[in-house]
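> What follows is a predicted structure for the sequence shown.
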Number of protein chains: 2
Amino acid sequence: MGRWQPDAQGRLEEAAMELFDERGFEDTTVADIAERAGLTKRTFFRYFADKREVLFSGTVLLEETLVKGILGAPADAPPLDAIAAGLDAAAVVLEEARDRAGRRQAILAANPELRERELIKLTRLAAAGAEALRRRGVEEPAAGLAAEAGMAVMRVSFDRWAKKPRSQDLRKLLRDSLAELRSIAG
Amino acid sequence: MGRWQPDAQGRLEEAAMELFDERGFEDTTVADIAERAGLTKRTFFRYFADKREVLFSGTVLLEETLVKGILGAPADAPPLDAIAAGLDAAAVVLEEARDRAGRRQAILAANPELRERELIKLTRLAAAGAEALRRRGVEEPAAGLAAEAGMAVMRVSFDRWAKKPRSQDLRKLLRDSLAELRSIAG
DNA sequence: GCCGTCATGTCACTATGTGTCATCAGGCTA
DNA sequence: TAGCCTGATGACACATAGTGACATGACGGC
């Protein structure tokens, strides 16, 4: 057995989720999290830039999935259809971790500071989506607008999905919201 | 003359803008800001919930203006046209303070922490816009989507406007971006 | 069997943000 | 005029976030 327990980062993430759930984000200190994970405060800050980041390690995978989905759409698909393909791929990832996603979303919903962080992650997603569209030959400002609109659809759909314990599947919600957006703007 | 200099809040805001400009956000402490304004750290935190908020007092007026613009649109205007009316009204407010808005935007652009805060303010704007639409009889999810789409247009237009020292006027940029969005989604 | 690497710990320190009590000018009332 | 109340500010102490510098010690290679 190694000198240290394995998966320090995972233990920190799990400890943080538990504690945020039990006492709330504000009433949990970084030292508390580290202690439950059997580590120290200093080590926490080696894995996460700040206290909020402990809930956001998953966004890397989400971004990769989104981008691959957009790039994998048929070459002649219009921008918003390509975005839709990316969102659909991302939805699959989220659905695979539905439980965790639900717990996490409940914690985020309860804390303005965490929602703030979530927004900037979504903005990063939108930027990555716009970049993928540009690689497909879409010009600005169409690429940026389509990506932003896609994120609006994502946000609306995800909120509904996470809120209801037994809601419809996320992919269908996304399709419906997108259709709604088209009908508003069309 | 009163016991204290007038407009403590305004002095704090001005001192903060100057210092963030001179040394950057990170290298300016709250104590520095308070000192330049002739006050103490403790007083700073009586006016602003945290260090970032000192740059965001203007959003209250912006929100009121947006909402009034939406509610003032013709009763039979479709959702996105009502949003457009609100954005147009908000643009007037921003153009009246173009210099300050430009300085401020340069500071925000240089700091992820501040951009994070800006995003949540924009989300608040979107929520207020959606609420205004609902008061006009627009149902969900159309109200939320239209508001989010409007904010996407706002963000794209405002970035372009603030970036160029001598760009076109903001209202025209907004109209163009909105037309672009319609053509993508339609 | 020595040595370097690397994850973690220890310690010290600055800055944010908050609770609590003190101060004191100006206004109000008798 | 005296006394009192209010409200903005200051003074002080304190918990917590976040960081830099250096120490430790198991493991793996040579």
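Sure thing, it's come through.

> Where does the prediction get shaky in chain A?
For chain A, residues meeting the criterion pLDDT under 70 lie at A:1-2, A:165-167.

> Could you check what's spatially nearest to the spatially most central residue of it, not counting adjacent residues?
By C-alpha atoms, centre = their mean, chain A has its centre lying nearest to residue A:59, at 4.9 Å. Spatial nearest neighbour of residue A:59, chain neighbours left out: residue A:121 (4.8 Å); criterion: C-beta to C-beta, 6 or more residues apart in numbering or on different chains. Every C-beta, even on glycine, is put in place using the N, C-alpha and C of the backbone.

> Look up how far residue A:53 lies from the one you found.
According to C-beta to C-beta, to the nearest Å, residue A:121 and residue A:53 sit 10 Å apart.

> Which strands or helices does the top helix by length along chain A pack on?
Secondary structure of chain A per DSSP state H: the longest helix is helix A:112-135. Secondary-structure packing of helix A:112-135 (3 or more C-beta pairs under 8 Å, 6 or more residues apart in numbering or on different chains; DSSP states H and E): helix A:59-71, helix A:79-96, helix A:98-109, helix A:142-163, helix B:112-135.

> Out of those, flag the one nearest residue A:182.
helix A:79-96 (7.6 Å; C-beta to C-beta).

> check whether that closest one contacts chain B.
Yes. Contact of helix A:79-96 with chain B is found when judged by C-beta under 8 Å from any C-beta of the partner chain, involving A:79-80.

> Show me which residues of chain A are close to DNA strand C?
Contact residues, chain A versus DNA strand C (C-beta under 7 Å from any atom of the strand): A:4, A:8, A:34, A:38-43, A:46-47.

> Now the two most distant members of those.
A:4 and A:41 (16.3 Å).

> higher neighbour count, the two?
When residue A:4 and residue A:41 are compared for neighbours, residue A:41 comes out ahead with 13 against 10, by other C-beta atoms under 10 Å in any protein chain shown.

> still on that earlier bit, now for the residue nearest to the centre of chain A: which residues touch it?
If you count contacts by C-beta atoms under 8 Å, 6 or more residues apart in numbering or on different chains, residue A:59 has them with A:121, A:124-125.

> Distance of the closest residue in space to residue A:162 that isn't next to it in sequence relative to residue A:22?
Spatial nearest neighbour of residue A:162, chain neighbours left out: residue A:105 (4.0 Å); criterion: C-beta to C-beta, 6+ apart. Distance, residue A:105 to residue A:22, using C-beta to C-beta: 17 Å.

> Alright, I will stop here.
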